[in-house]
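[1] Below: sequence and its predicted model.
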Amino acid sequence: MRGLSFDLHPGEVLGIVGESGAGKSLTARALLGMVPRGAVTGGTVVLRGSADPAAERGRRIGLVPQDALSALSPVHPVGDQLAAAVRSVRRVSRREAAARAVAALERVGIPDAARRARAYPHEYSGGMRQRAVIAMATVNEPDVVVADEPTTALDEERREQVLRVLTEQREAVGAALVLVTHDLDAVRRHADRVLVMYAGRAAELGAAGRVLDRPRAPYTAGLLASLPRPDGPPRRRLPALPGSPPAPGALGAGCAFAPRCPLAVPACRAHEPEPRPLDGRLVACHRAADVPDPIREFL
Amino acid sequence: MSEPLLDVRDLVVRYGPVTAVDHVSFALEAGETLALDGPSGCGKSSTALAVLLLRRPDGGEVRFEGRELTGLPERELRPLRPRMQPVLQDPYGSLSPRRRIRDAVAEPLKVRGRWDPGRGPARVAELLERVGLDRSYGDRRPHELSGGQCQRAGIARALACEPRLLVLDEPVSALDASVRAGVLNLLADLQDELGLGYLFICHDRAVVRHFADRVVELREGRVTSEWRPRSPGAALR
Ligand SMILES: Nc1ncnc2c1ncn2[C@@H]1O[C@H](COP(=O)(O)OP(=O)(O)O)[C@@H](O)[C@H]1O
Ligand code: SF4
Ligand SMILES: [Mg+2]
């Protein structure tokens, strides 16, 4: 991540998209103060009314990781883990905590929740496990939920189900949601704003519908143009951006997207573009005004 | 009529009391892409493992290039295995983390005693370039590659022994959109050039629609329907 700034409003859904390695997960984890050991850090994360967001993990900030198994202990029943999460922030009796745990499982649509609360994570299916983790992340009614690729490991049907549960729970507790994903459809359907990242920087940041319908950063346009279209005649070869994202540490001067950008001009290789307001969003591109519309013609 | 490349009849795979694949039949021609689509747990990967004889089926036949495989002892399967190669979802998991890419690509040739120390390195470089990787990537290890580059290296490795059939289990599901399109286009090019048959497992309906010639839908281990995305009328789905 290099000089990334953004804000998150109460109750808002912010989607973060970009290729793997773009820094999406690091951004999500930095919000929770969970940067990898040895990382060089700068900048700040401010949570309203709190001096140290990292200390609010589990209380005012909940995490839904990609891999549900990593968020659950294999040796304790799911209900006990939820109850422990409740008791970590509230002085309630064990019985009360257990009841809240079952209610939380019920809310995320786990059938026969009272019985399932006594089961272990490995006894849950993938989709159920992901819903249990959502219950865990929302049980203490946080202000912010950070979900890092919560559906990548799931198939299409379960993906939609998990997204629905996630957005319902967020709404029920009134939390803002940071949704890291490479599912642009999910962003279109569920996010208020979207942050498009490339090589550790913001390429574009603005209202999700606006950015995805009329992208102004060439990277966003390329990403959208390479999606297989669900309608129209099938075509065996899809439009594709050439090349691949830069390896971390291999960045030169200038715009990191220049080697792959159909619009690149010599100035792009000399100066890295800063995010600037254009058309109701922020765009980091020297030629933002020249990105064609419709995007289908981009690649 | 010539024999199909792969002809699967009444395939059954059981795990204890659970029947994961329940009398599944389909056939695949050389140069054709047959997609297996369906929710997770419906038996797609179990079908793939049984077709590759990486797991002995509990019933049915797998005919590959005209030979029935399920009855063959391992000794007779071994020379046939290079002709049917898997490409898996997790591009990092399918390459050993400590081994350099060039060694991973050379390995299938070495274990089959087909490694020629004189011409081998050039063959590896050629395979890497064929999948769109500069030959210098041969010196790197998997974690020094992006997901899409890793998947390309996995494809190069699968091509090393000149297969006729690739069994691709969710090969692009872990990749981002812009990288995914590039890998799919590479697979289309290789198929046109080499006449490979693809058994393509994928649960992304939009991808399947563009990439497959035929789609077999599985549900709870059974074939529920079969359709052709490029036929007139398929747009109605
Ligand atoms: N623990 C770590 N140690 C070293 N590098 C890391 C670590 N975690 C992530 N990175 C690097 O940081 C960059 C951003 O990674 P990540 O946030 O995981 O991206 P994304 O979530 O968009 O795939 C990548 O280049 C990745 O290799
Ligand atoms: S600054 Fe130049 S290279 Fe970078 S995205 Fe814009 S046009 Fe492309
Ligand atoms: Mg990630």
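    On my side now, so go ahead. The model shown is predicted, which means the values in this text are computed figures rather than measured ones. Ligands and ions are numbered 1, 2, ... in the order given.
[2] Residue of chain B closest to ligand 1, please.
    B:His143 (7.7 Å; C-beta to the nearest ligand atom). Backbone N, C-alpha and C define where each C-beta goes, glycine included.
[3] Tell me where chain B has strands.
    B:6-15, B:18-28, B:33-37, B:59-64, B:67-68, B:84-87, B:165-169, B:197-201, B:214-219, B:222-227 (DSSP state E).
[4] Nearest spatial neighbour of residue 230, chain-adjacent residues omitted?
    I'll assume chain A. Nearest in space to A:Pro230, with sequence neighbours left out and distances taken as C-beta to C-beta, 6 or more residues apart in numbering or on different chains, is B:Ala206 at 4.7 Å.
[5] that answer is for a different chain, and I need it for chain B
    With C-beta to C-beta, 6+ apart as the criterion, B:Arg230 has its nearest non-adjacent residue at 5.3 Å, and that residue is A:Pro234.
[6] how many neighbours does B:Arg149 have?
    Just so we're on the same page, residue B:149 is Gln rather than Arg. Number of residues near B:Gln149 (other C-beta atoms under 10 Å in any protein chain shown) recorded here: 24.
[7] Spell out which parts of chain A neighbour ligand 2.
    A:218, A:255, A:257-258, A:261, A:263-264, A:268, A:273, A:285-287 (C-beta under 6 Å from any ligand atom).
[8] could you dump the residues you listed to TSV with pLDDT and neighbour count?
    What follows is the residues of chain A next to ligand 2, written out as TSV (pLDDT from 0 to 100; neighbours: other C-beta atoms under 10 Å in any protein chain shown):
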residue	pLDDT	neighbour count
A:Pro218	95	31
A:Cys255	95	27
A:Phe257	94	25
A:Ala258	95	22
A:Cys261	94	21
A:Leu263	94	18
A:Ala264	95	17
A:Cys268	96	21
A:Pro273	96	21
A:Cys285	97	26
A:His286	97	22
A:Arg287	96	18
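[9] Hmm, A:Thr3 is touching A:Arg201, no?
    Actually, residue A:3 is Gly rather than Thr. Yes - the pair A:Gly3 / A:Arg201 is scored as a contact, 6.8 Å apart, by C-beta atoms under 8 Å.
[10] Run through the bridge partners of the most centrally placed residue in chain B.
    In chain B, the centroid-proximal residue (C-alpha atoms, centre = their mean) is B:Val167; its distance is 2.0 Å. Listed by DSSP bridges, the beta-bridge partners for B:Val167 are B:Pro86, B:Leu199.
[11] give me every residue that touches it.
    Applying C-beta atoms under 8 Å, 6 or more residues apart in numbering or on different chains, we find B:Val167 in contact with B:48, B:51-52, B:84-87, B:199, B:201.
[12] Show the pLDDT at B:Val208.
    pLDDT recorded at B:Val208 is 92.
[13] got the residues of the stretch 1-150 of chain A near ligand 1?
    So far as C-beta under 6 Å from any ligand atom goes, the stretch 1-150 of chain A lies against ligand 1 at A:18, A:20-26, A:36.
[14] Highest neighbour count among those residues?
    A:Gly18 (27 neighbours).
[15] Low-confidence stretches in the chain?
    Answering for chain A, as no chain was given. Counting by pLDDT under 70, chain A shows low-confidence ranges at A:247-250, A:296.
[16] Correction: the question concerned chain B.
    Within chain B, the ranges that satisfy pLDDT under 70 run B:1, B:232-237.
[17] What distance do you get for the residue of chain B found nearest ligand 2 to B:Asp116?
    Going by C-beta to the nearest ligand atom, ligand 2 is nearest to B:Ser178 of chain B, at 13.4 Å. For B:Ser178, the distance to B:Asp116 (C-beta to C-beta, to the nearest Å) stands at 38 Å.
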